[in-house]
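>>> What follows is a predicted protein model with its sequence.
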Amino acid sequence: MKIESLKKLFIKKYGDSEHDLKVFLAPGRVNLIGEHIDYNGGYVLPAALEFGTTLLVRQRDDDKIRLATTNFPYEKEFSLKEIGEEKTGEWVDYAVGVMVENKKSGCPVTKGYDLLYHGEIPNGAGLSSSASIEVVTAFALQTLEGCETDTVKIALLAQRAENQYVGVNCGIMDQFAVANGKQDHAILLMCDTLEYSHVPFRTGAYKIIIGNTNKRRGLVDSAYNERRQQCETALEILKKETPDLNYLAQLKPDQFEKLANHLVDETVRRRALHVVEENQRVLDSVEGLKNNDLEQFGKLMNESHESLRYLYEVSCNELDVMVEEARRIPGTLGARMTGAGFGGCTVSLVHEDSVEQFVQQVGQAYEERTGLKAEFYVCGTGDGVKELKEDE
């Protein structure tokens, strides 16, 4: 939706004029490669997307905060002194949690505001709609309250809001990519240390296509805990042989090969092998991108999916079908599941001349084989959170 249309909606809802109306945008994100290795000391390679959550804000003359969105009917109004008193279980909790954390960090909300959100990120697709709401709220309120807007600190604050107020134990990757993205770049991020660098991701004639399987992800939590425990078991055993080993991802594939026979349990060994090889794939991907070798990047995407399917076993029939059909399309360099697994999305790198064919044929074949209707989002990489000025 165009900014001018959103401004009209804002005025229709909250009245008055466009005077002093500020507009902010935080993107969604996709993880290009590096799955299930963040908690094993590995690197991830997310990128901010071109679409996300737009926030229109205007200061009020009283102490009221009013929250509304174009996406859901639920709205909320409260006074400054009531911030954080009541959790609703609704989308507004993501914004309110940020207000609570802003206060803890020394940048409290001191004025009343009207806020209208417009999300272009499909809810529940695994593209970080919640992180986008959190980051855009934190950035906007810190800007309007005259506080420093450090995007690394904002990412950490947004994560705390989700962990402590909303009650979802997420990692840092989503908020970090949303806050610190850069157009035509991916982010090489070490989640533990927040060591990061922007990596050129110049796709040229190729587009990112995100495919939403629309499969409900029912096994994620239990499988996540099980996989994490299996990795901890592997680490515990291998530490006896390599005492200075703190994370599985510290091992190079050739080092792991020499140690693998100590992992007697085949399942534990396969989980650890995925971690070690996936981390190496991320590093190899970065080298490929620096050399503008998109074919190499696509090959590594394919290998990542096979590893997640057979070694880490977090894929599912729907994801596998979508990946298989994606790879049938001429012009597809690579396709893989992205996110926690057991549903959610795939990410593919596809030549622009094949995009229409991809959406039509993959969508049709996927529906025939699974009975589910897929959704596709064609995009490039975008910037992290920012204020939109009049000329943007």
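Alright, I've got the coordinates.

>>> longest strand anywhere in the chain?
When the chain is parsed with DSSP state E, its longest strand is strand 43-59.

>>> List the buried residues of that strand.
Residues of strand 43-59 classed as buried under the neighbour-count rule (16 or more other C-beta atoms under 10 Å) are 43-58. Glycine gets a C-beta too; all of them are placed from N, C-alpha and C.

>>> which other helices and strands contact that strand?
Under the contact criterion of 3 or more C-beta pairs under 8 Å, 6 or more residues apart in numbering; DSSP states H and E, strand 43-59 touches helix 3-14, strand 22-33, strand 113-119, helix 129-144, helix 173-180, strand 185-190, helix 266-290, strand 375-379.

>>> Keeping just the C-alphas, turn that strand into PDB.
What follows is strand 43-59, C-alpha atoms only, in PDB (Å, rounded to 0.1, in the frame of the first residue of the first chain):
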ATOM      1  CA  TYR A  43      27.300 -18.400  11.500                       C
ATOM      2  CA  VAL A  44      24.000 -17.500   9.900                       C
ATOM      3  CA  LEU A  45      23.400 -15.500   6.700                       C
ATOM      4  CA  PRO A  46      20.100 -13.700   6.800                       C
ATOM      5  CA  ALA A  47      19.000 -10.800   4.600                       C
ATOM      6  CA  ALA A  48      16.500  -8.000   5.100                       C
ATOM      7  CA  LEU A  49      13.600  -8.000   2.500                       C
ATOM      8  CA  GLU A  50      12.200  -5.200   0.500                       C
ATOM      9  CA  PHE A  51       8.800  -5.400   2.200                       C
ATOM     10  CA  GLY A  52       8.000  -5.300   5.900                       C
ATOM     11  CA  THR A  53       6.000  -3.200   8.500                       C
ATOM     12  CA  THR A  54       5.300   0.400   8.000                       C
ATOM     13  CA  LEU A  55       4.500   2.500  11.100                       C
ATOM     14  CA  LEU A  56       2.800   5.900  11.000                       C
ATOM     15  CA  VAL A  57       3.100   7.800  14.300                       C
ATOM     16  CA  ARG A  58       1.900  11.200  15.500                       C
ATOM     17  CA  GLN A  59       2.400  12.800  18.900                       C
END
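
>>> Make CSV from the helices and strands packed on strand 43-59 and add mean pLDDT to it.
Formatted as CSV, these follow (pLDDT from 0 to 100):
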stretch, mean pLDDT
helix 3-14, 94
strand 22-33, 96
strand 113-119, 97
helix 129-144, 96
helix 173-180, 95
strand 185-190, 97
helix 266-290, 97
strand 375-379, 93
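
>>> residues in contact with Asp353?
In this structure, Asp353 makes contact with Ala205, Gly331, judged by C-beta atoms under 8 Å, 6 or more residues apart in numbering.
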